[in-house]
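# Make a model of this:
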Amino acid sequence: MKKQLALFCGVSLLASNSIQAQFSISPLSSFGGGDGWLTSVEYSALVTSGDNRGLAYGNGHLYLQAGTAAAPTVRVLDAANGSEVGSLNMTGVTGGARALTAIGVGGDGAIYGGNLQTALSGTSLYKVYRWASEISAPTVAYTGNPLNGARLGDSLAVIGSGANTRVAAGFATTPAIAGNNGYAIIDPTAGTHTQVVFGGTPPAAGDFRLGIAFGADSSTVLGDQGNVANDTRLTSYSGGTGTLVATLSLSAAAERMMQYNVINGLPVLATIETGGGATTGTVRVYDMSNPNTPVLLVSGKNQTGAVTANLNGTGGIAWGNVTGNLDGTASANLYAMNSNNGIEAFVVVIPEPGIASLTLLGLGTLAFWRRARK
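Numbers count the residues shown, from 1 in each chain. Now for the predicted structure:
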């Protein structure tokens, strides 16, 4: 037992010292006037009316869904400082309760956005638009009804490129429609959908409505409705059959928006809290080496002062540019929007893979020591 305790203490101390020294999150100082926070005072397209509901990164730029429900726009922002450098062509983007809400970018740089339908039907169809580039007119990549009567379009995630691109969108709690505890997978090349159905609960109704993200591959989907603690679902699907892999324990109930990435060899999940209270707007980054048990690495918040209520629970989060450093660490830009409260921008430093592995070794040793004590 003494040897086990000594091993635990030594490895844990080494891992703790190394990780604390190298994992970090700090404001992107060039963004939003030097504080890493772009506000509605600094940029008029950011509003407090609930009309900013989507944020994505790609092609070296940020894409902000702006405008109104009937007349949306997508503003193209400089990712370094948040200044507007252009906007997307919106020709033909019409219809729905909101003509455009959530947006995402494929691995090939194509930009995707979906409308919002509050009750799908034969005439109220979900649409996914595609911009091949920033200078292209949009095309309708998909139009259809994945679940009759359901609300669809509050959330959207994109993975892959070209013919392998997939789009995920989560159903809402209301209307109460059988199957609304799942999500739709869209193939924008074929213009088809697959309704992913779960045989029981959880997932609960609407668990993918406000937060949805692909995980390590296109058959892994995470969702979070953000209404209660521990309602983040890790799922997989094959065809139209969904499987609940795990229910994840995150730090706060309302960590709704999320995006997965692998940085410097480490799988990570970024979230932003969009509920109420002092921690609203907090961004957190988790180690997903064991996808069933996220480990909080760092958290930060650039917003200061009062928080404007986000009654819709909407927003966006996106990993940006990743650069390697001479010391073996990687620096990744991270952007997050809690609707009605502007855009926060961070620099997240991820240690070299060997140091990250040491973290897991320390955590594994802790688990071993605890088992040995029993």
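# Which helix or which strand is home to the residue most central in space within the chain?
By CA atoms, centre = their mean, the chain has its centre lying nearest to Met258, at 2.5 Å. Of the helices and strands defined by DSSP states H and E, Met258 is found in strand 255-263.
# buried stuff in the next helix or strand after that strand?
Using DSSP H and E, the next helix or strand after strand 255-263 towards the C-terminus is strand 266-273. For strand 266-273, the buried set under the neighbour-count rule, 16 or more other CB atoms under 10 Å, comprises Leu266, Pro267, Val268, Leu269, Ala270, Thr271, Ile272, Glu273. Quick note: C-beta positions are derived from backbone N, CA and C, even for glycine.
# how near is the closest residue to Ile111 other than its chain neighbours to Leu244?
Ranked by CB to CB, 6 or more residues apart in numbering and with sequence neighbours excluded, the top spatial neighbour of Ile111 is Trp131, at 4.2 Å. Using CB to CB, to the nearest Å, Trp131 is found at 34 Å from Leu244.
# Below-threshold pLDDT in the stretch 201-350 of the chain: ranges please.
For the stretch 201-350 of the chain, no stretch is flagged by pLDDT under 70.
# now swap in the stretch 51-200 of the chain and tell me
For the stretch 51-200 of the chain, counting by pLDDT under 70, not a single residue falls below.
# That one: strands as residue ranges?
55-58, 61-67, 72-78, 84-87, 103-105, 111-114, 126-131, 139-144, 157-159, 166-170, 183-187, 192-196 (DSSP state E, counting those that start in this stretch).
# SS state for the nearest residue to Ile272 once chain neighbours are set aside?
Leaving out its chain neighbours, the residue that sits closest to Ile272 by CB to CB, 6+ apart is Ala336, at 4.1 Å. Using DSSP: H, G, I helix; E, B strand; the rest coil, the structure places Ala336 in strand.
# residues contacting Ala336?
By CB atoms under 8 Å, 6 or more residues apart in numbering, the residues touching Ala336 are 55, 257, 270, 272, 281, 283, 315-318, 343-346.
# Show the contacting residues for the closest residue to Phe214 other than its chain neighbours.
Spatial nearest neighbour of Phe214, excluding adjacent residues (CB to CB, 6+ apart): Ile159 at 4.0 Å. With contact set as CB under 8 Å, 6+ apart, Ile159 has these partners: Gly106, Gly107, Thr165, Arg166, Ala168, Phe214, Asp217, Ser218.
# Ok, Asn302 next?
So, once contact is read as CB under 8 Å, 6+ apart, Asn302 ends up touching Pro27, Gly32, Asp35, Gly36, Trp37, Glu344, Ala345, Phe346.
# What separation is there between it and Gly182?
For Asn302 relative to Gly182 (CB to CB), the value is 35 Å.
# Now list the buried members of the contacts of Ile159.
Gly106, Thr165, Arg166, Ala168, Phe214, Ser218.
# so can I have a markdown table of the contacts of Asn302 showing neighbour count, secondary structure and distance to Thr194?
Converted to a markdown table, these look like this (neighbours: other CB atoms under 10 Å; DSSP: H, G, I helix; E, B strand; the rest coil; distance: CB to CB, whole Å):
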| residue | neighbour count | secondary structure | distance to Thr194 |
| --- | --- | --- | --- |
| Pro27 | 18 | strand | 40 |
| Gly32 | 22 | coil | 40 |
| Asp35 | 16 | coil | 43 |
| Gly36 | 23 | coil | 39 |
| Trp37 | 23 | strand | 39 |
| Glu344 | 27 | strand | 34 |
| Ala345 | 26 | strand | 35 |
| Phe346 | 24 | strand | 35 |
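# hmm, back to that, contacts made by the strand holding Met258 with the rest, please.
157, 210-211, 213-216, 222, 224-226, 232, 267-274, 284, 288, 313, 315-319, 322, 330, 332, 336-337, 348, 350.
# and the closest residue to Asn310 other than its chain neighbours, what is it in contact with?
Leaving aside its chain neighbours, Asn310 sits nearest to Ser339 (4.7 Å; criterion: CB to CB, 6+ apart). Shown in contact with Ser339 (CB under 8 Å, 6+ apart): Gly50, Asn52, Arg53, Thr274, Asn310, Asn312, Gly313, Thr314, Gly315.
# Got phi/psi on the third one?
Right, the one you point to is Arg53. phi -130, psi 0 (degrees, to the nearest 10).
# OK, contacts around it?
So, once contact is read as CB under 8 Å, 6+ apart, Arg53 ends up touching Gln65, Arg98, Thr101, Ala102, Asp154, Asn312, Thr314, Gly315, Gly316, Ser339.
# nearest residue to it other than its sequence neighbours?
Thr314 (4.3 Å).
# Equivalent analysis for the first one, please.
Nearest-residue entry for Gly50: Asn312, 5.2 Å, with adjacent residues in sequence omitted and distances by CB to CB, 6+ apart.
# how close does that neighbour get to Ala172?
Distance from Asn312 to Ala172, by CB to CB: 11 Å.
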